[in-house]
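Undergrad: I would like to see how this sequence folds:
(one chain, ligands or ions: 1)
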Amino acid sequence: MPPTLAEVPAPTAGPRPQPQPVLDRSAPPRVVIVGSGFGGLYAARQLRRAPVEVTLVDRRNHHLFQPLLYQVATAVLSPGDIAYPIRAIFRGRSNIRVLLAEATAVDLQRRKVHLRDGELDYDYLILAPGSTHTYFGHNEWEASAPSLKSLEDALEVRRRILLAFEKAERESDLARRRQLLTFAIIGGGPTGVELAGAIAEIARQVMVRDFRSIDPREARVLLIEAGPRLLPEFAPDLSAEARRELEHKGVEVRTGEPVTYVDREQIRLNGQSIPAATTLWAAGVAPSPLGRMLGVALDRRGRVPVNVDLSLPGHPEVYVVGDLASCRDKLGRQMPGLAPVAMQEGRHAAANILRAIAGRPPRPFRYFDKGMLATIGRAAAVAQIGPLHLSGLVAWWTWVTVHISYLIGFRNRLVVMLEWAWSYLSYQRAARLITGDIDAVYPVREIPAESREAR
Ligand SMILES: Cc1cc2nc3c(=O)[nH]c(=O)nc-3n(C[C@H](O)[C@H](O)[C@H](O)COP(=O)(O)OP(=O)(O)OC[C@H]3O[C@@H](n4cnc5c(N)ncnc54)[C@H](O)[C@@H]3O)c2cc1C
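TA: Model prediction:
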């Protein structure tokens, strides 16, 4: 017998959420979670001892700690240090089933999640498929300027950075050598700042004595931001501090200059062409295309607007969390696309499902803002924690502690701590490996062009 749900009014976007449906069945309710990134993982963890049958669906077999992807891209860490098999996380939890599958659509009326190769029925659904990158309508730039979203992306970026030095070593033409040693990073948010700082360090500290024909310190690292300042989500004093620190490391920071053209040989901005053989894209993210499959009105950035309790308007059994959700706090502020937001939303959606099963009304979501951090390289970072603005070594230690504590798995924490200590003391990079064909061409994928958000 399919479950019957006693219909009660759906919650609205107002301040007082309405009670949710109460399940009228003896079998455990089926909760499907799509995505096991930060939102989905924390939702599943919240349900691990609850009387529900959870199916956790992800098209990858691992949870990825995206904030440290740039460290794989710059050869500090290896892929296995920042990823963890999802199945292993829930090994001992008999009520949680992990499926390696891709969700392609949701049938809200029939309560089904369509997979590329099957379908799943649900009583409750948590959608947490995250986001993808966007090139603001210039998808053709992707082949020339890869971005960072997956382990494959990180390995490709690492390959390009390391190969550029190798090719420059063999190049006798001075102009071409200069082009090979020019790295352009587009986008001055945390990822762009982190990449620029790390590449400057590779050139000036890590590679210094390794080449015979070139001096890696001659490398030109450009960080280009279309807006007026770096780290636009941080307070102006921290943006200025980040810029100072990057310039001190030798990075050329250019703000207020949108890039108008990118190919494998150059970038163009302000009518000027800069020869650059390695361009990296850190400029935009767009919500998962799964949001469009719901058939509901999206916000202007393509996110799914949710009620104050994180449920989908008109569907109290469906929750949307993380980067895909357009959620405002009680002051009307839009929740940013950050890992702590996704974690807290995931936990909150799961808790509301348990309340609904117990016949209690859902609670509105309240974000506990623990602050923002961005690292600029060795012993330098900025941190904004409420009214507290930190920079330099103190901020860097805060960054180290926070990232170690949120990594999944004891082994990963230990290994990352050891790798960081080693690279801090030795100025070396443990994972300086070029993988794949040295002349391989970066694959072009399909990217939704419309929605955009500068990180
Ligand atoms: C390079 C980078 C650096 C970042 N740095 C920081 C930082 O320093 N601090 C910070 O707070 N935030 C940072 N973020 C943002 C943060 O990682 C995201 O806000 C957070 O991961 C969002 O969580 P989520 O659960 O919504 O999505 P995600 O964590 O992206 O997880 C989505 C999951 O859904 C799966 N999935 C997607 N589509 C499907 C589908 N159709 N079917 C099945 N599975 C699917 C994916 O495989 C993935 O596992 C960074 C992001 C990036 C890319």
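Undergrad: can you give me the helices in this protein?
TA: Ranges of helices within the chain are 38-46, 69-73, 79-82, 86-89, 151-169, 174-180, 190-201, 236-248, 339-357, 392-406, 410-426, based on DSSP state H.
Undergrad: which of these has the lowest mean pLDDT?
TA: Ranked by mean pLDDT, the helices of the chain bottom out at helix 410-426, with a mean of 90.
Undergrad: quick check: residues of the chain near the ligand?
TA: 34-40, 57-60, 66-67, 69-70, 102-103, 128-130, 148-149, 190-191, 288, 290, 322-323, 337-340, 342 (CB under 6 Å from any ligand atom). In this view, the C-beta of every residue, glycine as well, is placed from N, C-alpha and C.
Undergrad: how about the residue of the stretch 151-300 of the chain at minimum distance from the ligand, nearest residue that isn't a chain neighbour?
TA: Nearest residue of the stretch 151-300 of the chain to the ligand (CB to the nearest ligand atom) works out as Thr191 at 4.5 Å. Excluding its sequence neighbours, the residue lying closest to Thr191 (CB to CB, 6 or more residues apart in numbering) is Ala282, at 4.1 Å.
Undergrad: can you get me a residue count around that neighbour?
TA: Around Ala282 there are 27 other residues, counting by other CB atoms under 10 Å.
Undergrad: likewise for Thr182?
TA: Neighbour count of Thr182, defined by other CB under 10 Å: 23.
Undergrad: got a list of what it touches?
TA: By CB atoms under 8 Å, 6 or more residues apart in numbering, Thr182 lies in contact with Ala219, Arg220, Leu222, Ile274, Pro275, Ala276, Ala277, Thr278.
Undergrad: state the distance from Glu257 to Ser239.
TA: Noted for Glu257: a distance of 16 Å to Ser239, by CB to CB, to the nearest Å.
Undergrad: which one of these two has more residues nearby?
TA: Set Glu257 next to Ser239 and count neighbours by other CB under 10 Å: Ser239 wins out with 23 against 13.
Undergrad: the more buried one reaches Arg229, doesn't it?
TA: Yes. Under the criterion of CB atoms under 8 Å, Ser239 is in contact with Arg229, at a separation of 4.4 Å.
Undergrad: kindly state the domain boundaries assigned to this protein.
TA: Split into domains by automatic domain parsing, the chain comes to 4-59+101-133+286-357, 139-283.
Undergrad: among those, which is nearest Ile434?
TA: Closest to Ile434 of these, according to CB to CB: domain 139-283, at 4.9 Å.
Undergrad: quick check: end-to-end length of the closest one?
TA: Terminal residues of domain 139-283 lie 13 Å apart, using CA to CA, to the nearest Å.
Undergrad: also stretch 274-281?
TA: With CA to CA as the measure, stretch 274-281 spans 16 Å from end to end.
Undergrad: same deal with stretch 145-158?
TA: Length of stretch 145-158, first residue to last, CA to CA: 13 Å.
Undergrad: that one: which residues count as buried?
TA: Going by neighbour count (16 or more other CB atoms under 10 Å), the buried part of stretch 145-158 is 145-151, 153-158.
Undergrad: for the ligand, what's the nearest residue on the stretch 301-450 of the chain?
TA: Gly322 (2.0 Å).
Undergrad: for that residue, give me its contacts.
TA: Counted by CB under 8 Å, 6+ apart, Gly322 has contacts 35, 37-40, 128-130, 337, 341-342, 345-346.
Undergrad: any idea which of those residues is closest to Phe234?
TA: For the contacts of Gly322, the residue nearest Phe234 by CB to CB is Gly337; the value is 14.8 Å.
Undergrad: test my guess that the closest one contacts Asp323.
TA: Yes. Between Gly337 and Asp323 a contact is recorded at 4.6 Å, counting by CB under 8 Å.
Undergrad: ok, the two, which is more surrounded?
TA: Per other CB under 10 Å, whichever of Gly337 and Asp323 has more neighbours is Asp323, with 28 against 20.
Undergrad: let's see the pLDDT reported for the residue of the stretch 301-450 of the chain closest to the ligand.
TA: pLDDT, Gly322: 98.
Undergrad: my guess is Leu162 meets Ala431, correct?
TA: No. Counting by CB under 8 Å, Leu162 does not reach Ala431; the two are 10.0 Å apart.
Undergrad: overlap in contacts, those two.
TA: Shared contacts of Leu162 and Ala431 (CB under 8 Å, 6+ apart): Ala75.
Undergrad: got the contact list for the closest residue to the ligand within the stretch 51-200 of the chain?
TA: Using CB to the nearest ligand atom, the single residue of the stretch 51-200 of the chain nearest to the ligand is Gly130, 2.5 Å away. For Gly130, the contact set (CB under 8 Å, 6+ apart) comprises Gly35, Gly37, Gly39, Ser288, Gly322, Asp323, Leu324, Ala342.
Undergrad: for those residues, which one is nearest His389?
TA: Out of the contacts of Gly130, the member with the shortest distance to His389 (by CB to CB) is Ala342, at 24.5 Å.
Undergrad: wait, the closest one touches Ala43, no?
TA: No. Ala342 lies out of contact with Ala43 (CB under 8 Å); the separation is 9.5 Å.
Undergrad: just so I have it, where are all the strands in the stretch 251-400 of the chain?
TA: 251-255, 259-262, 266-269, 272-275, 278-281, 285-287, 304-305, 311-312, 315-320, 325-326, 372-377, 380-385, 388-391 (DSSP state E, counting those that start in this stretch).
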